[in-house]
Each structure stands twice: as C-alpha cells, then as structure tokens.
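1. generate a structure from the sequence data that follows.
(one chain, ligands or ions: 1)
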Amino acid sequence: DYKAIATPVRTKAILEKYGFSFKKSLGQNFLIDANTLENIVNHAGVNAESGAIEIGPGIGALTEQLARKADRVLAFEIDQRLLPILKDTLHDYDNVSVIHQDILQANVKEMIQDHFKEGQPVHVVANLPYYITTPILMNLLMERLPIDSITVMIQKEVADRMAASPNSKAYGSLSIAVQYYTEAKVVMDVPRTVFMPQPNVGSAVLRLSMRNEPPVDVKNEPFFFDLVRASFGQRRKTIMNNLSRHFKDRFSKDEIREYLEKSGIEEKRRGESLSIEEFARLANTFYEAL
Ligand code: SAM
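-> I've put the predicted structure just below:
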C-alpha cells in the first residue's frame, strides 16, 4: 500500500504532524509532484545496480523514489529537525542512509567507499538548495569523485549558464568550468507549481555526465581557469582588451598580441565567442611564455 510522499496532501500532513516550518535560509522548497520526481530519476539513469547520492532529502520525497529504484541511497541533510521525520517517512526502506552533515563539509569520497560496492555506478541526484548550487556542484566536480553523473534541480538561469555554448548570452566562465569536467545538458524546465513553498525563480533539471578525462589538454589548470575568467571580465570588451588589463604586470601589449596570433585568435574577438579548445590553446601559449 505505497503512497508517494510527493503530493500536496501527504506533504502537508507530514509537515503538520511534526510542526515543521520551512527555513528559507536553507533553500527548503520541497517537491510535491510525483511525476516530476519520476522524470528526474529517469533522467539520472538510476537502476537496480546503482548507488545514489542525494543532497538535501527534506522529508524524503525524492529519497523514496531513489530507494525504490537504486541499490543503495546515501543522503546528506543539514537540518537536524528533518532527521526524525525522515526516519518515519523512509521507515519501509532498508537501503537508505541519512547522514546529518553539511554537504560542503562532508568527505564524500570516503562516504562513497564506505557505502557503495567497489566499481558500482554512482549517480548524484538532488533538488538542490538554490543558495549554494554553484559551490556544491563545483566541489563535487573538482574533487574528481568516482561518480558517473549528476542530475540536479537548480535555478533555471544557472542551469542555462552551466550548459551554454559559445556565442550565447548565457555562455561564460561557469560554462567552461562545468564543461571541463562534464557534458552538460538542461533536460527539463520545471514550473513553480510543483514546489511547496513555490520558489521566486524558475527551475530546471541539469544533467552532468562525468568525463573520463578533460576534453582539452591544459598545461596548468589554475592558470587556464584564471585566463578564462579574465577573458569574460568585461563582456563588451575584446579579448585583447580584457587580457591586457588582467596581465598588465606580466606581459606587454605586444606580447599579448603575439600570443593571440600564435593561438590563431583574432584580437578583436570577444571572450564569449571562444570555444573551450581555443581557450586551452590560448592559455597554454601564455603559460609557456611565463
Ligand atoms: N529533496 C527534497 C525535495 O525535493 O522535496 C528537499 C529539497 S530542498 C530544495 C533542499 C534541501 O537541502 C533541504 O532539505 C535543506 O534542508 C537541505 N540543505 C540545505 N543546505 C544544505 C547543506 N549545506 N547540506 C546538506 N543539505 C542541505
């Protein structure tokens, strides 16, 4: 007699039973639509062999769907008040571990080793707290965790920036940072009506498929990301202009002109027109001249 948590009636009943009030500061917008949850889990590619990691289980709406499809679920929740609720709502599932921890403080690598079988495919699936979307995702990516994919509900505008291609308005250093580690795709837009309470911003589901190795050969990663950020410094300005300003203490204008030419990039172009391959070529040319 399974009844999904993610309905308005059931969610309200659970919140009332425990006298739970939402904390806006923790980005608490719970999903109340089972269809949306099913779509998220399907896009994630979770199956009976998978390990699933959830960030912020709330009252367990998504956790429950993951528990039904995955082999094991590991969920990190920062809000102590939710622990007794989760114990109750997930009572029927013996394959779920809820960890009371801030995901930004957690040693996720160690947790993966402790909770999943060796070589088991692992997928991160979450309706993220929007106030820390970018730090959470960049942490997961930069730690080079043994995970296969990340499928997350986030603010639509941020999802678009992460998945953007050159020459689009949303394209910027965040697109490059995310796409250096993953193949990124916005898989669905989601209306506000599927949340309780409804967020003030539009939402979308972003799917990141982890790359085995970076798409470009970069001599020095911190230098590459620094040059990318500098290239987008002032969006209306040319690449020549932005790089001259950023590197004024290290390179003369003539040197910068020379490196652009050597990399096959016209100095009048704007950062937003450069592909990740072009950024890599440019950064490597500069780096070798340092
Ligand atoms: N998964 C639930 C759902 O879809 O209904 C809740 C999603 S809600 C958008 C975000 C959840 O993340 C909340 O339960 C919140 O308490 C939790 N959270 C916020 N900051 C966190 C952090 N730093 N680490 C772990 N969980 C966090």
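2. would you map the strands across this structure?
-> Counting by DSSP state E, the chain has strands at residues 30-31, 51-55, 72-77, 96-100, 122-127, 149-155, 182-190, 195-196, 203-210.
3. for these, give me JSON lines that also has mean pLDDT.
-> Listed next are the strands of the chain as JSON lines, based on pLDDT from 0 to 100:
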{"stretch": "strand 30-31", "mean pLDDT": "98"}
{"stretch": "strand 51-55", "mean pLDDT": "99"}
{"stretch": "strand 72-77", "mean pLDDT": "98"}
{"stretch": "strand 96-100", "mean pLDDT": "98"}
{"stretch": "strand 122-127", "mean pLDDT": "98"}
{"stretch": "strand 149-155", "mean pLDDT": "98"}
{"stretch": "strand 182-190", "mean pLDDT": "98"}
{"stretch": "strand 195-196", "mean pLDDT": "98"}
{"stretch": "strand 203-210", "mean pLDDT": "98"}
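4. and the residue in the stretch 1-150 of the chain that the ligand sits nearest to, how many neighbours?
-> Nearest to the ligand in the stretch 1-150 of the chain, going by Cβ to the nearest ligand atom, is Gly56, at a distance of 2.0 Å. All C-beta atoms are positioned from the backbone trio N, CA, C, and that covers glycine. Using other Cβ atoms under 10 Å, Gly56 has 23 neighbouring residues.
5. what's the closest residue to it other than its chain neighbours sitting at in phi/psi?
-> Distances taken as Cβ to Cβ, 6 or more residues apart in numbering place Pro129 nearest to Gly56, at 5.5 Å, with adjacent residues excluded. Dihedral angles of Pro129 (phi, psi; degrees, to the nearest 10) stand at phi -70, psi 120.
6. what does Ser263 give?
-> phi -90, psi 0.
7. any chance of the strands of the chain in CSV, with mean neighbour count too?
-> Output for those, formatted as CSV (neighbours: other Cβ atoms under 10 Å):
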stretch, mean neighbour count
strand 30-31, 23
strand 51-55, 26
strand 72-77, 24
strand 96-100, 17
strand 122-127, 26
strand 149-155, 24
strand 182-190, 17
strand 195-196, 19
strand 203-210, 22
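8. what's the closest of the ones you listed to Asn220?
-> strand 182-190 (20.6 Å; Cβ to Cβ).
9. put the alpha carbons of the closest one into PDB.
-> Coordinates of each C-alpha in strand 182-190 appear next as PDB, following Å, rounded to 0.1, in the frame of the first residue of the first chain:
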ATOM      1  CA  THR A 182      31.300  17.100 -17.600                       C
ATOM      2  CA  GLU A 183      29.000  17.000 -20.600                       C
ATOM      3  CA  ALA A 184      26.200  19.300 -19.600                       C
ATOM      4  CA  LYS A 185      22.600  19.300 -20.700                       C
ATOM      5  CA  VAL A 186      19.400  21.000 -19.500                       C
ATOM      6  CA  VAL A 187      16.900  18.100 -19.600                       C
ATOM      7  CA  MET A 188      13.700  19.800 -18.500                       C
ATOM      8  CA  ASP A 189      12.200  23.000 -17.400                       C
ATOM      9  CA  VAL A 190      10.000  22.800 -14.200                       C
END
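10. what about it and the ligand, any contact?
-> No: applying Cβ under 6 Å from any ligand atom, one finds strand 182-190 separated from the ligand by no less than 11.0 Å.
11. on that earlier part again, touching, the residue nearest to Gly56 and Leu26? I think so.
-> Yes: with contacts counted by Cβ atoms under 8 Å, Pro129 reaches Leu26, the gap being 5.9 Å.
12. ok, the two, which is more surrounded?
-> Neighbour totals were compared for Pro129 and Leu26, and Pro129 leads with 21 against 17 (other Cβ under 10 Å).
13. around the ligand, which positions in the chain sit nearby?
-> So the chain meets the ligand at 26-31, 55-58, 61-62, 76-79, 82, 102-104, 127, 129, 132 (Cβ under 6 Å from any ligand atom).
14. now do the same contact list for Thr238.
-> Taking Cβ atoms under 8 Å, 6 or more residues apart in numbering, we find Thr238 in contact with 267-270.
15. quick one: contacts for Ala184?
-> 162-163, 175, 178, 206-209 are the contacts of Ala184 under Cβ under 8 Å, 6+ apart.
16. quick one: the strands of the chain as JSON lines, columns for distance to Glu288 too.
-> Shown next, in JSON lines, are the strands of the chain (distance: least, Cβ to Cβ, whole Å):
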{"stretch": "strand 30-31", "distance to Glu288": "49"}
{"stretch": "strand 51-55", "distance to Glu288": "39"}
{"stretch": "strand 72-77", "distance to Glu288": "42"}
{"stretch": "strand 96-100", "distance to Glu288": "45"}
{"stretch": "strand 122-127", "distance to Glu288": "36"}
{"stretch": "strand 149-155", "distance to Glu288": "34"}
{"stretch": "strand 182-190", "distance to Glu288": "27"}
{"stretch": "strand 195-196", "distance to Glu288": "50"}
{"stretch": "strand 203-210", "distance to Glu288": "29"}
